[in-house]
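K.L.:
Got a predicted structure plus its sequence, pasted below:
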Amino acid sequence: MFDRVEYKKIAKKQLKGRWATPVLATLSFLAVSLIICSPQIVEKIQNSPGTFSFGTGIRLENSIGLIALGIIGIMMLAYTQLFTELWKTRDPLPFSTFLSAFSLWLKGVLAMFWMYLWVFLWTLLFFIPGIVKAYAYSQMFFIIAENPDIGVRRAMKLSIEITRGYKGELFVMDLSFLGWDLLACLTGGLLYLYVMPYMQMSKTNAYKMLKAMAIQAGRVKPEDFGPGEQDEQQDWKQPEEKQPFSGQQGPYTDPVQPKKSGPASTVAGSWDTSAAEDAEAHEAAPDTGSVIHLPPAGDDDSTN
């Protein structure tokens with residue numbers, strides 16, 4: 001089941017003691033966004049005579065808007081990859097982790113253009129279908145950040161599959177951050193240095209669970225996400241001592257059996273804040289080991 005409260009709670013633990021790089025990356029993202037959205041740039045775009053001509057292609061005057069969209073795509077992919085790397089370890093990451101992701105700049109541009117094109121086309125039908133499809137495509141950047149060899153069209157198809165039945169949940173998750181957005185606006189955007197990493201880490205946890213549940217339901221296969229995905233999915237089911245991030249290093253396991261079974265508790269792993277309660281319950285319960293079981297394929301909510 002999709003548990004946004006759990007993902008947000010674990011995100012705070014994942015960021016604890018490791019805020020420096022996410023904050024610097026957020027500051028960079030915001031700075032670039034402000035430059036692109038400056039009144040001078042917006043005025044040039046608005047005053048241009050047209051955005052597209054089927055006869056001559058994209059006009060020079062309107063290339064500013066496309067360049068801005070491409071830059072946002074590059075920043076978004078680098079920002080997303082930083083948080084997928086943070087998810088894998090408890091160690092602080094250097095700012096170079098964020099900078100190194102800019103080597104995927106072409107994928108970021110293509111992903112943003114491809115997603116924007118389809119959202120725009122669906123919006124032509126009506127506003128609501130555009131929103132629904134935006135959430136269907138929302139995991140594209142996570143998929144590409146984890147698996148740079150995947151093409152943007154393939155990433156879109158995979159995003160559609162793993163969000164099937166959960167687009168409403170993702171929408172509600174975004175609404176749950178609305179209060180933070182309002183507070184950030186009251187601080188002139190300064191609070192976004194806290195809010196954006198918190199949001200992105202929470203959404204990274206949600207992505208991991210959406211992917212795991214889609215694989216469990218048979219809608220996608222581990223190999224669809226690249227050669228390393230099979231090993232990652234196997235790690236969800238292995239005993240603690242065989243898992244690569246057990247104990248002090250990663251998000252998969254807890255020193256004792258988690259209170260909840262299934263993907264929602266798996267993402268918590270060693271980040272679980274209720275270890276003392278778990279330990280007490282573990283002493284009173286039979287020793288069943290530390291194997292984490294995903295729920296049966298039919299248990300996830302497949303309707304939206």
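P.N.:
Perfect, thanks for sending it.
K.L.:
Need the contact partners of stretch 102-116.
P.N.:
66, 69-70, 72-78, 81, 134, 137, 140-141, 144-145, 148, 152-153, 155-156 (CB atoms under 8 Å, 6 or more residues apart in numbering). All C-beta spots, glycine's among them, are computed from the backbone N, C-alpha and C.
K.L.:
Okay, buried residues for stretch 99-109 please.
P.N.:
101, 104-105, 107-109 (16 or more other CB atoms under 10 Å).
K.L.:
What is the nearest of the residues you listed to D174?
P.N.:
Here the nearest of the buried residues of stretch 99-109 to D174, counting by CB to CB, is G108; it sits at 21.4 Å.
K.L.:
Please look at T21 and S100 and confirm they touch.
P.N.:
No - using CB atoms under 8 Å, T21 is not in contact with S100, being 11.9 Å away.
K.L.:
quick revisit: so which of the buried residues of stretch 99-109 are in helices?
P.N.:
105, 107-109 (DSSP state H).
K.L.:
Now flag whichever of these is closest to G17.
P.N.:
Using CB to CB, the shortest approach to G17 within these belongs to G108, at 28.8 Å.
K.L.:
could you check the distance from the closest one over to R164?
P.N.:
From G108 across to R164, the span is 25 Å (CB to CB, to the nearest Å).
K.L.:
just E223 next, same as before
P.N.:
19 Å.
K.L.:
So between the two, which is more surrounded?
P.N.:
A count of neighbours by other CB atoms under 10 Å puts R164 above the other of E223 and R164, at 19 against 12.
K.L.:
Next, the residue lying closest to the more buried one once chain neighbours are set aside: secondary structure please.
P.N.:
In space, and not counting its chain neighbours, R164 is closest to R219: 6.4 Å by CB to CB, 6 or more residues apart in numbering. Following DSSP: H, G, I helix; E, B strand; the rest coil, we place R219 in the coil state.
K.L.:
I'd say R219 and T163 touch.
P.N.:
No - the pair R219 / T163 is not scored as a contact, 10.2 Å apart, by CB under 8 Å.
K.L.:
More neighbours: which of these two?
P.N.:
Per other CB under 10 Å, whichever of R219 and T163 has more neighbours is T163, with 23 against 18.
K.L.:
Nearest residue to the more buried one in space, ignoring adjacent ones along the chain?
P.N.:
Here the residue nearest T163, using CB to CB, 6+ apart, is A136, at 5.3 Å.
K.L.:
list the contacts for the one you found?
P.N.:
159-160, 163, 167.
K.L.:
And for V23?
P.N.:
Residues counted as contacts of V23 (CB under 8 Å, 6+ apart) are 193-194, 197.
K.L.:
can you do 7 Å?
P.N.:
By CB atoms under 7 Å, 6 or more residues apart in numbering, the residues touching V23 are 193, 197.
K.L.:
F120: neighbour count?
P.N.:
Look at F120: counted by other CB under 10 Å, it has 11 neighbours.
K.L.:
Look up how far F113 lies from it.
P.N.:
Remark: distance between F120 and F113 (CB to CB) = 10 Å.
K.L.:
Tell me how far L93 lies from L193.
P.N.:
17 Å.
K.L.:
what does I10 give?
P.N.:
For I10 relative to L193 (CB to CB), the value is 20 Å.
K.L.:
Please report how far K13 lies from F83.
P.N.:
14 Å.
K.L.:
In terms of packing, which of these two has more residues around it?
P.N.:
With neighbours defined as other CB under 10 Å, K13 and F83 compare such that F83 has more, 26 against 17.
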